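Peer 1: sequence plus predicted model, see below.
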Amino acid sequence: MIRVRFAPSPTGFLHVGGARTALFNWLFARHHKGTFVLRIEDTDEVRSTHESVDAILGSMAWLGLDWDEGPILEGSGVGSDGSGWKSKGNYGPYFQMQRLEHYKKYLRQLEDAGRAYRCYCTPEEVEMMRVQAQLEKRPPKYDGRCRELTEKERRDKEGAGRKWTLRFKMPQEEKTVIHDLIRGEVHFENILQQDLIIQKTSGVPTYNFACVVDDHQMEISHVIRAEEHLSNTPAQVCMYAALGWTPPQFAHLSMILGADGTKLSKRHGATSVLEYKNQGYLPQAMRNYLALLGWATETSQDIFEVQELFDKFDLDRCQKNPATFDFAKLDWMNGMYIRKLSQADLVEASKPFLPKDAAQQTPNLSELVVLEQEKYRVLSDVPKMLDFFFTEEFVYHWDDLNGLMVKSPHLKTHEALERLIEFTESKFFKLEPFVETQIEAALREIAKDLGWKTAEVFHPLRFAVSGRLQGPSLFHMAAALGKGRVVLRLARLKKSIKESAAK
RNA sequence: GGCCCCAUCGUCUAGCGGCCUAGGACGCUGCCCUCUCAAGGCAGAGAUCACGGGUUCGAAUCCCGUUGGGGCCA
């Protein structure tokens, strides 16, 4: 039975790297008809917040990564320990701070068996050891001075009120071999590993211990996580052995880097999944793009339906080398997905990005939004490309107009332009019904009558109607705007020309 | 510093000993279509497969080393 988990620490938003890890776990579970577990690793008591839990669950929900077991997404939790959250699944609770009793039991078991010991060193002392070791060019590790303390020494220290942590006693011989599903065999000399702290002075276990207990108790079959956890894996594998458990299979995903080859961070652009949502990326595009960061099919296919991803995704085609996050390709892909949207879906998706009163201002809003569908790369482009529909206050940039006039042999003077506008006004005035095909026919007739190229007629009129040199098809745009507004705008441009000429 | 991981066009990648004078996609350039911009179609530039040694009749593909990048210890 395949059981995988995504186990974020709620110390911030869900970033792109975390989302990719979650996605791969999700895809792996769906591909193998397994179970996808979401577990909140909140043992960092100072940095964990319930706002982060909200943000992470919200991001996952937005991306459509539904989990089979874990906290239920209903409103928000009450405490950073997850109290107030409900959970689904038989292996809960899914907040580590609610699982303290489980950890205590195994912590005690390890200590009783002599596989863990109390360490009375202060953080300062440990730091000193590290510096010292580096100076002497030795491996920087805890020197094990509390390993073989006598019973009396221990009593003395505790009598003196020294606080203690629990350290796992790493075997000092042989080596640990990880059979990584992506990297193959990875060997580690045990002697070089340090005795990791598994319980903090507060009594709370550390990440490295808690996840071993949870993965075992939750019967996780495959641990799919980022490469940064690879170095901790040998210690964890030794803990499994010390507890008499069989470790799960491991798969360490490569990192996601920014354009400069360093770990993706804020200076490279957006890192939070929610930022992408706010900028107008579609979850399906994001998902598709992320899937390609470290995974590919034999055909280098790049657009996938979700079901196709389920069918084709597997760990054996995951990339070992790190991937650079390419915003340009994401934009392209998002544009692809926007173009695939139905009219209704596009309008719905655009709503958060449109002016609040857009629907009242323009009853035919959905007709407008679709006009530029093939040009949007992000949904925040929608209001930018459509703004002239929502206001009569847009400005005419004379530089644009002048540029147009330079290129057109028949538009050398403002008078010529005025004449074109007047000609159009009178034509439009009689035009009934004012629909796309009629408008096109009328405008082509004007060009013919005038003996101008069609472009010489269309471009200045597009400018008149929208204030732009580029935009939707003139006929579509005019029809969508309606005769009244079009005539109004023609008149407005004519007036502006007169005024500027007077100056 | 120690340990670990990684290395094919600018980027994501295909390739798993002969099919590779290295394929696809993004981006870039040009052409076509066309009322503009897009979209779409076509064409093109772009990789001595990081470098150096082996192994082999034959290596991008296997082995060793070097360099570079990244991660963990922090």
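Peer 2: Arrived safely.

Peer 1: okay, strands next: where are they in chain A?
Peer 2: With DSSP state E as the definition, chain A shows strands at residue ranges A:3-6, A:35-38, A:70-71, A:87-88, A:116-119, A:165-168, A:175-180, A:184-189, A:197-199, A:222-226, A:249-253, A:256-257, A:323-324.

Peer 1: relative to A:Tyr117, how far out is A:Leu166?
Peer 2: To A:Tyr117, A:Leu166 is 7 Å away according to CB to CB, to the nearest Å. To be clear about C-beta, it is placed using only N, CA and C from the backbone, and glycine gets the same treatment.

Peer 1: between those two, who's got more neighbours?
Peer 2: Using other CB atoms under 10 Å as the criterion, A:Leu166 and A:Tyr117 rank with A:Leu166 on top: 23 against 20.

Peer 1: name the nearest residue to the more buried one, ignoring sequence neighbours.
Peer 2: Residue nearest to A:Leu166 in three dimensions, not counting chain neighbours: A:Gln199, with 3.8 Å by CB to CB, 6 or more residues apart in numbering.

Peer 1: give me the neighbour count for the closest residue to A:Val53 other than its chain neighbours.
Peer 2: Among residues not flanking A:Val53 along the chain, A:Pro10 sits closest, at 4.5 Å (CB to CB, 6+ apart). A:Pro10 has 25 neighbours, counted by other CB under 10 Å.

Peer 1: surely A:Pro10 is in contact with A:Leu57?
Peer 2: No - between A:Pro10 and A:Leu57 there is no contact under CB atoms under 8 Å: 9.3 Å.

Peer 1: hmm, back to that, what's the overlap in contacts for A:Leu166 and A:Tyr117?
Peer 2: Listed as contacting both A:Leu166 and A:Tyr117 by CB atoms under 8 Å, 6 or more residues apart in numbering are A:Glu111.

Peer 1: how about the residues of the stretch 151-300 of chain A near RNA strand B?
Peer 2: Contact residues (CB under 7 Å from any atom of the strand) of the stretch 151-300 of chain A with RNA strand B: A:183-184, A:186-189, A:192, A:194, A:227-228, A:230-232, A:254-255, A:257, A:261-263, A:292-300.

Peer 1: and those residues, which are buried?
Peer 2: A:183, A:186, A:188, A:194, A:227, A:230, A:254-255, A:257, A:292-295 (16 or more other CB atoms under 10 Å).

Peer 1: contact partners for A:Ala291?
Peer 2: Neighbouring residues of A:Ala291 by CB under 8 Å, 6+ apart: A:Leu23, A:Phe24, A:Leu27, A:Phe304, A:Leu309, A:Phe313.

Peer 1: list the contacts of the first one.
Peer 2: So that's A:Leu23. Counting by CB under 8 Å, 6+ apart, A:Leu23 touches A:Leu63, A:Leu65, A:Arg287, A:Leu290, A:Ala291.

Peer 1: do the same with A:Asp311
Peer 2: A:Asp311 neighbours (CB under 8 Å, 6+ apart): A:His31.

Peer 1: and A:Tyr103, by the same measure?
Peer 2: Applying CB under 8 Å, 6+ apart to A:Tyr103 gives the contacts A:Gln199, A:Pro205, A:Phe209, A:Ala210, A:Val213.

Peer 1: again, only this time at 7 Å
Peer 2: A:Tyr103 makes contacts with A:Pro205, A:Phe209, A:Ala210, A:Val213, as judged by CB atoms under 7 Å, 6 or more residues apart in numbering.

Peer 1: closest to RNA strand B out of those?
Peer 2: Set against RNA strand B, the nearest of the contacts of A:Tyr103 by CB to the nearest atom of the strand is A:Phe209 (13.5 Å).

Peer 1: a markdown table for the strands of chain A, including mean pLDDT and distance to A:Asp387?
Peer 2: Output for those, formatted as a markdown table (pLDDT from 0 to 100; distance: least, CB to CB, whole Å):
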| stretch | mean pLDDT | distance to A:Asp387 |
| --- | --- | --- |
| strand A:3-6 | 97 | 40 |
| strand A:35-38 | 97 | 41 |
| strand A:70-71 | 93 | 41 |
| strand A:87-88 | 85 | 45 |
| strand A:116-119 | 91 | 64 |
| strand A:165-168 | 92 | 60 |
| strand A:175-180 | 92 | 52 |
| strand A:184-189 | 91 | 55 |
| strand A:197-199 | 92 | 58 |
| strand A:222-226 | 96 | 42 |
| strand A:249-253 | 96 | 42 |
| strand A:256-257 | 91 | 35 |
| strand A:323-324 | 93 | 34 |
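
Peer 1: how many other residues sit next to A:Arg489?
Peer 2: As a burial measure, A:Arg489 scores 23 neighbours (other CB under 10 Å).

Peer 1: and it, how far is that from A:Asp316?
Peer 2: Counting by CB to CB - A:Arg489 and A:Asp316 are separated by 60 Å.

Peer 1: quick one on the thing from earlier: from the contacts of A:Leu23, which land in helices?
Peer 2: Counted as lying in helices by DSSP state H, out of the contacts of A:Leu23, are A:Leu63, A:Arg287, A:Leu290, A:Ala291.

Peer 1: write out the residues of the stretch 351-500 of chain A neighbouring RNA strand B.
Peer 2: When proximity is defined as CB under 7 Å from any atom of the strand, the stretch 351-500 of chain A approaches RNA strand B at A:374-375, A:440, A:454-455, A:458-459, A:462, A:469-476.

Peer 1: of the residues you listed, which is the most crowded?
Peer 2: A:Pro472 (23 neighbours).
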